[in-house]
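Student: I'll drop the sequence and a predicted model, then ask my questions.
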Amino acid sequence: MESDMGRLLDVLGNRTRRKILILLTRRPYYVSELSQELGVGQKAVLEHLRILKSVGLVEERTERIPRGRPRKYYAISRGFRLEVMLTPYLFGTELYEPKGRGKGVLYEEARSIIKSTEPLDEKLRDLVDFLDELEEKLDETMRLKSELEEVRLLVETYIENLMRRTYTEDERTFEALFKEIKARLPKDLREKIEGF
């Protein structure tokens, strides 16, 4: 791991490679665009991209365009946070990568469309269709979330009322019941009941 970290630090130590990464955070680029933006020759850009690819920071994909040859685009392949700690007594690095986020079926479907080599116009239509599907799923999820919140409020209110009634009728039963369910109650509801 330490040698991987050292390699990553070496790669990121180059100013041109950092500029390439900054550009790629905006959108995917092809080599001649990067060359033009950076004022660096295409061969040099290709070498920097090869190095960035070798440590897994960028990936490439080829897209067909309606006219002309297919283009190879480069994009950021993974996100992470790198921390370097330096004190008079310690030097260390830590790499944090998101775990499990964005790796579900929808994510993979989106990646598949993005990485496809179909003509640009077809890919664009597929992406817009996929975006429509995502919007529908988000709307449904929001409706479900709203319903779940309403039902949760109903159940919490009923639990509070039952516990209040039990407290006024039989404090011993209240204590036994509360002891049994206390750890499973949401914090706000638990605090309300503790205030009886």
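Tutor: Perfect, I can see it now.
Student: after the top helix by length along the chain, which helix or strand is next?
Tutor: Taking DSSP state H as the assignment, the helix of the chain that covers the most residues is helix 120-169. Using DSSP states H and E, the helix or strand that follows helix 120-169 towards the C-terminus is helix 171-181.
Student: re the thing from before, so how far is the longest helix of the chain off the chain centroid?
Tutor: The chain centroid and the centroid of helix 120-169 are separated by 21 Å under CA atoms, centre = their mean, to the nearest Å.
Student: what's the burial count for the closest residue to residue 123 other than its chain neighbours?
Tutor: Closest residue to residue 123 apart from its sequence neighbours, by CB to CB, 6 or more residues apart in numbering: residue 116 at 6.0 Å. From N, CA and C alone the C-beta is placed, and that goes for glycine too. Residue 116: 16 surrounding residues under other CB atoms under 10 Å.
Student: does residue 85 belong to a helix, a strand or coil?
Tutor: Secondary structure, DSSP: H, G, I helix; E, B strand; the rest coil: residue 85 is strand.
Student: I misspoke; the intended subject was residue 117.
Tutor: coil.
Student: residue 166: how many residues sit nearby?
Tutor: Per other CB under 10 Å, the neighbour tally for residue 166 reads 19.
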